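Asker: predicted model and sequence below, questions to follow.
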Amino acid sequence: MYKKFLIAGAASVFALSAFASDMKNVKESYSLKDDSTVHVFNDGKMGMEDQLGRGMLMEEGHVMETKDGQKIVMKGNEFWRVENYRAGYE
Ligand SMILES: [Cu+2]
């Protein structure tokens with residue numbers, strides 16, 4: 001009984017810290033026409049997330065189109081940062 005209580009406590013602390021760090025490093029996120037997402041980090045570099053929420057590779061300079069028709073040019077390829085972001089480390 002006591003052990004179960006400890007595990008629940010640890011899980012909620014993890015969720016809270018992941019939320020706080022998300023707010024810190026991702027400046028903006030855009031939904032793209034193909035249902036993937038591009039995250040713009042505070043330093044202006046970008047990372048992609050595919051339709052299933054996994055980190056996705058994209059070449060720098062690739063032109064993306066958002067759902068509302070804006071064009072965004074890929075800057076950086078911060079695959080590892082999207083993966084960290086998803087995992088709650090960044
Ligand atoms: Cu991209």
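Answerer: Everything's here; your move. If you're wondering where the values come from, they're calculated on a predicted model, not measured in any experiment.
Asker: only C-alpha atoms from now on, for both contacts and neighbour counts.
Answerer: Noted.
Asker: which stretches of the protein form helices?
Answerer: Counting by DSSP state H, the chain has these helices, from start to end: 2-25, 79-87.
Asker: out of those helices, which gets the lowest mean score?
Answerer: Set side by side, the helices of the chain differ in mean pLDDT, and helix 2-25 is lowest with a mean of 51.
Asker: contacts only, for the residue nearest to M48 when sequence neighbours are not counted.
Answerer: Closest residue to M48 in three dimensions, ignoring its sequence neighbours and counting by CA to CA, 6 or more residues apart in numbering: V38, at 4.6 Å. V38 is in contact with 29-32, 46-49, counting by CA atoms under 8 Å, 6 or more residues apart in numbering.
Asker: ok, T66 to W80 distance?
Answerer: Distance, T66 to W80, using CA to CA, to the nearest Å: 22 Å.
Asker: please identify which of these two sits among more neighbours.
Answerer: T66 (17 against 14; other CA atoms under 10 Å).
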